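Asks: Mind looking at a prediction? Sequence and model below.
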Amino acid sequence: MLVIDKYAYSNRIVKWSPKIKGLLWLLGIVLAFQPIILIKIVVLAVVIWHTLYATKMSVRVYLHWLYAVLPFLLLSVIGIVFTMSPKASQIYYPIHLFGSYFGVSKVMLPRGLRLGVQVLTAVVCTYWFALTTPFQQIILMLKAVHMPALMIEETMLMYRFIFIFIEACEQIYRAQKLRLGYRTFRLSIHSAGILVKMLFQQVMTDYQQMVYALDAKLYNGEFKVGEDDE
Amino acid sequence: MIELEHVDFSYEKNHPILKDISAKFGENGSKVVGIIGPNGTGKSTLFLNLVGILKPTSGKILVDNQPINYSKKGLNQLRQKVGIVFQNSDQQIFYSIVKDDVAFALHNLDVPKDEIKQRVNTILRELDISHLKDRPIQYLSGGQKKRVAIAGILVLNSEWLLLDEPTAGLDPDGKRRMVELIKHLIDRGQKVILSSHDIDFMYEVCDYFYILQAGHIVKSGQKETVFDDEKALLKNKLDQPWLVKIHQKLHLPLYANEAELFADKTLQAKLAKLE
């Protein structure tokens, strides 16, 4: 079960209109990308505080969620700020390497940091939206902004079946682990291969049964979504 | 009435799943038909044939004296007359919110919005799941999901309801509620065909039985007679209902259900004298 989903259904602002939440998210993104760095930092702090307040989540759990994106962010920033240059004066703490200098670029450091804050602010805003908006509201919002019906259908079906898929995956993984399938690296690769194969087979049989069930419910090629907006 | 005339079915040649099945479901006013058989005898395949998803390799199926019309239009009409609920609830619930899923079949029929809303609410109330209306499916228990799956078919108001293994995976409470639900449906005039190997459950709810063994119907009949041969039942990988056992082995009267046994005052009086 995705825990992230639990917060979305039981937070302090679950009753807010999804349109307002969507607009606030958009505002957050705009503020994240405007040029004044101080505003970004203020937005970052306020949004983190409000996420914690609204979801009653502990700081530790929240940081745990952030770990999913932090490595990517750090790697990008590191990639931007470290550089090679022929002149030592362009670089903080230059290291002499193969005839030129390696270190943190004086020009790129502020840019890199600015980008880091920018991205982090945007990510935090998106987390706020994802953690406070139940799926049904997201669908209503997609409808309100006139997304194509096909895309909304797809989103809805994915959300419905991803839980079943994850559960099946977990069950197979657990069964393999219990029989020491992941004891060594070699075994892990082997077991992971079997897991993927089994999931694929399961998907095929489940698909057949799903077709039967769709038939019984007179499916005619269209999933109507969010019909009654209450 | 649903009538099968010498129905054979096989997925591949020389591997018949159903062999020469003839039956009349709903004959003599029976309202709850039970198809009993061990695992892998073709109960589910039989059901898929009844709703036109699979077509008999030979023989025919008549619904209200009309052979099934396998055109798209014909099948559409058939499915409004004969609804089916499969064993695995997760594979027949497509929406993430309960009320959306229950409304699905009605949307497919282009029923007006107001009517959909009203029919969905009525069914949810009837199945005692109104409080789950706005819940996401993945947070429901197995028994609750089963009810949602049944509601999704019941909204069609079909004359017949086919339930494939309705008690599989349910806890005692879920099972008890399933018995109550089926009894309630029968009281309001719903005709039901059940498949299961849960003998005691079937004995409690059904009024006419077919025993299926390796694709054949080996015996059919009413409650009082169909279970009288314990040896034959055991040979068919089944068992005798416990109420029939105590009838045959302890010579108690044959009770139709548990409640009847425990309400028997004369039996209680006799037992009291023993002490």
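Replies: Thanks, I have it.

Asks: quick one: pLDDT of residue 79?
Replies: No chain was given, so I picked chain A. Looking at residue A:79, its pLDDT is 89.

Asks: my bad, the chain I had in mind was chain B
Replies: At residue B:79, pLDDT is 90.

Asks: what residues are up against it?
Replies: A:215, A:216, A:218, B:51, B:52, B:156, B:158 (C-beta atoms under 8 Å, 6 or more residues apart in numbering or on different chains). No exception for glycine: its C-beta is placed from N, CA and C like everyone else's.

Asks: and it, that one's in a helix?
Replies: Yes. According to DSSP: H, G, I helix; E, B strand; the rest coil, residue B:79 belongs to a helix.

Asks: that older thread, quick one: which of the contacts of residue B:79 has the most company?
Replies: residue A:216 (25 neighbours; other C-beta atoms under 10 Å in any protein chain shown).

Asks: Next up, the contacts around that one.
Replies: B:51, B:53, B:79, B:83, B:84, B:86, B:92, B:153.

Asks: show me where pLDDT drops low in the chain?
Replies: Assuming you mean chain A. Across chain A, the ranges flagged by pLDDT under 70 are A:1-2, A:226-230.

Asks: Name the residues of it found near chain B, please.
Replies: Within chain A, the residues that sit near chain B (C-beta under 8 Å from any C-beta of the partner chain) are A:1, A:5, A:9, A:134-136, A:156-157, A:159-160, A:163-164, A:206, A:209-210, A:212-220, A:222-228.

Asks: of those residues, buried ones?
Replies: Neighbour-count burial within the residues of chain A next to chain B applies to A:5, A:9, A:134-136, A:156, A:159-160, A:163-164, A:206, A:209-210, A:212-219, A:223-226; the criterion is 16 or more other C-beta atoms under 10 Å in any protein chain shown.

Asks: Residue B:93 versus residue B:51, what's the distance?
Replies: Distance of residue B:51 to residue B:93, given as C-beta to C-beta, to the nearest Å: 18 Å.

Asks: so is residue B:17 in a helix, a strand, or just coil?
Replies: strand.

Asks: how deep is it tucked in, by neighbour count?
Replies: Residues contacting residue B:17 under the criterion other C-beta under 10 Å number 21.

Asks: same question, residue A:22
Replies: 19.

Asks: Where does it sit, in terms of helix or strand?
Replies: Using DSSP states H and E, residue A:22 sits in helix A:18-33.

Asks: In chain B, what residue comes closest to chain A?
Replies: Closest to chain A within chain B is residue B:92: 3.6 Å, counting by C-beta to the nearest C-beta.

Asks: Please verify my assumption that that residue contacts residue A:213.
Replies: Yes. Using C-beta atoms under 8 Å, residue B:92 is in contact with residue A:213, at 3.6 Å.

Asks: pretty sure residue B:130 is touching residue B:120, no?
Replies: No. Residue B:130 is beyond contact range of residue B:120, at 10.0 Å (criterion: C-beta under 8 Å).

Asks: So those two - more neighbours on which side?
Replies: Using other C-beta under 10 Å as the criterion, residue B:130 and residue B:120 rank with residue B:120 on top: 23 against 14.

Asks: Skip the chain neighbours and tell me the closest residue to residue A:8.
Replies: Nearest residue to residue A:8, sequence neighbours excluded (C-beta to C-beta, 6 or more residues apart in numbering or on different chains): residue A:134, at 4.9 Å.

Asks: need the strands for the chain, in chain order.
Replies: I'll assume chain A. A:82-85, A:91-97, A:100-105 (DSSP state E).

Asks: that's the wrong chain, I wanted chain B
Replies: In chain B, the segments counted as strands under DSSP E are B:2-10, B:16-25, B:32-36, B:58-63, B:66-67, B:82-85, B:160-164, B:191-196, B:208-213, B:216-222.

Asks: JSON lines please, covering those and showing mean pLDDT and distance to residue A:47.
Replies: JSON lines is the format used below for these (pLDDT from 0 to 100; distance: least, C-beta to C-beta, whole Å):
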{"stretch": "strand B:2-10", "mean pLDDT": "93", "distance to residue A:47": "61"}
{"stretch": "strand B:16-25", "mean pLDDT": "92", "distance to residue A:47": "60"}
{"stretch": "strand B:32-36", "mean pLDDT": "93", "distance to residue A:47": "58"}
{"stretch": "strand B:58-63", "mean pLDDT": "93", "distance to residue A:47": "61"}
{"stretch": "strand B:66-67", "mean pLDDT": "92", "distance to residue A:47": "64"}
{"stretch": "strand B:82-85", "mean pLDDT": "94", "distance to residue A:47": "46"}
{"stretch": "strand B:160-164", "mean pLDDT": "94", "distance to residue A:47": "50"}
{"stretch": "strand B:191-196", "mean pLDDT": "94", "distance to residue A:47": "54"}
{"stretch": "strand B:208-213", "mean pLDDT": "92", "distance to residue A:47": "62"}
{"stretch": "strand B:216-222", "mean pLDDT": "90", "distance to residue A:47": "67"}
